[in-house]
Structures are given as C-alpha cells and as structure tokens.
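1. sequence plus the predicted model coming up.
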Amino acid sequence: MSRIDQNMAVTAAGLLPDVVGDNARELRSRFRHLPVQLHTSGLAATYAFLAARSHSASSDRLTGAYRDVAKQIRVHLADKGMVPAGLGTAVGPEAHRAMLSALGEMDAQSYARASREVSVLFSWLRRLADAVYTQVKTETPDEEER
C-alpha cells in the first residue's frame, strides 16, 4: 500500500515533460511559482491561468505541460469526488469552463479542501522541477578570450 505523498510524487513526475534550454528554464520557473500563485491568487484564478496558458504558451511542449497540469487538477479533484466525475475526462475550452464553474459553486469548506489537494500536487511539481530542470548557466568568456 502506498502513501498519499507517493501517489502525488508519481502523478507530478508524469506531468514533467522532457524540455531543454529556455523552455526548461521557463517551465521550471512557472512550476516553482505555482504554490505561491495558488496561495496568493486562489485555486480558481490559478486554474484559469493554467487554462489560458494551455492555449498560448511559447512552445508546444510548454502548452502541453500547462494543459496536462490543468487536466491533472480536474482528474484529481474528480477522483476525490470534489467536482463532477466527467471533468476528469473532459477536454478543451468546455472542460475549463465547467471546472471554473464547479470551483465557483463550491462552499468555502470544499473550496479550501480542493485548494489543499492541489497545493500538495504543486509542491511535488515544484520539487521535481527543481530536480529535473537544472539551471543552464550562462558562461562568460575569460578576459583573455575577448
């Protein structure tokens, strides 16, 4: 039997795409910021951000990463019975609209619980992004090479 944090680690690991260079730096930066964004803006606003970026990120891989994170939020909350089950398998703009509606219709206690569930996922994404996407250091030429 696995622990809840093990399941979330596996889920988060599955959301990290293979990216390199500037895309990796951008994705790492965004994943590192998600827990803060969730805390300061709230779950609905953070989900809306992910939904928007899932259609407008700077590369196909980043677009896919944002789309996958938004989908995983829907799947996870649907699995927990916190949003309608169909949201876990829904796709496209209608899925985002339905998810935002579901979040808006939650009572304060359910919304806080959903936020906590997503917070755990984001914490794992941040940790794993730090481990997987190492910073690319910009090398400056020595004085003699200039």
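-> Perfect, I can see it now.
2. now do the helices in this protein.
-> Here the chain has its helices, by DSSP state H, at 4-15, 21-41, 43-53, 60-79, 92-105, 108-132.
3. want to throw those helices into TSV with distance to residue 86, mean pLDDT and mean neighbour count?
-> C-betas here are computed from N, CA, C, even on glycine. As requested, those are exported to TSV (distance: least, CB to CB, whole Å; pLDDT from 0 to 100; neighbours: other CB atoms under 10 Å):
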stretch	distance to residue 86	mean pLDDT	mean neighbour count
helix 4-15	20	62	14
helix 21-41	24	79	17
helix 43-53	17	94	19
helix 60-79	8	86	20
helix 92-105	8	93	15
helix 108-132	17	85	17
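4. those: which one's closest to residue 85?
-> Across those, the minimum distance to residue 85, taken as CB to CB, is reached by helix 60-79, at 5.2 Å.
5. that closest one - contacts with which helices or strands?
-> Counting contacts by 3 or more CB pairs under 8 Å, 6 or more residues apart in numbering; DSSP states H and E, helix 60-79 packs against helix 4-15, helix 21-41, helix 43-53, helix 92-105, helix 108-132.
6. now the shortest one and helix 108-132, what's the angle there?
-> What separates the directions of helix 43-53 and helix 108-132 is an angle of 50 degrees, with axes from the mean of the first three to the mean of the last three CA atoms, to 10 degrees.
7. what does helix 43-53 contact?
-> Outside of helix 43-53, the residues that reach it under the criterion CB atoms under 8 Å, 6 or more residues apart in numbering are 30, 34, 37-38, 41, 62-63, 66, 69-70, 73, 96, 99-100, 103-104, 111, 114-115, 118.
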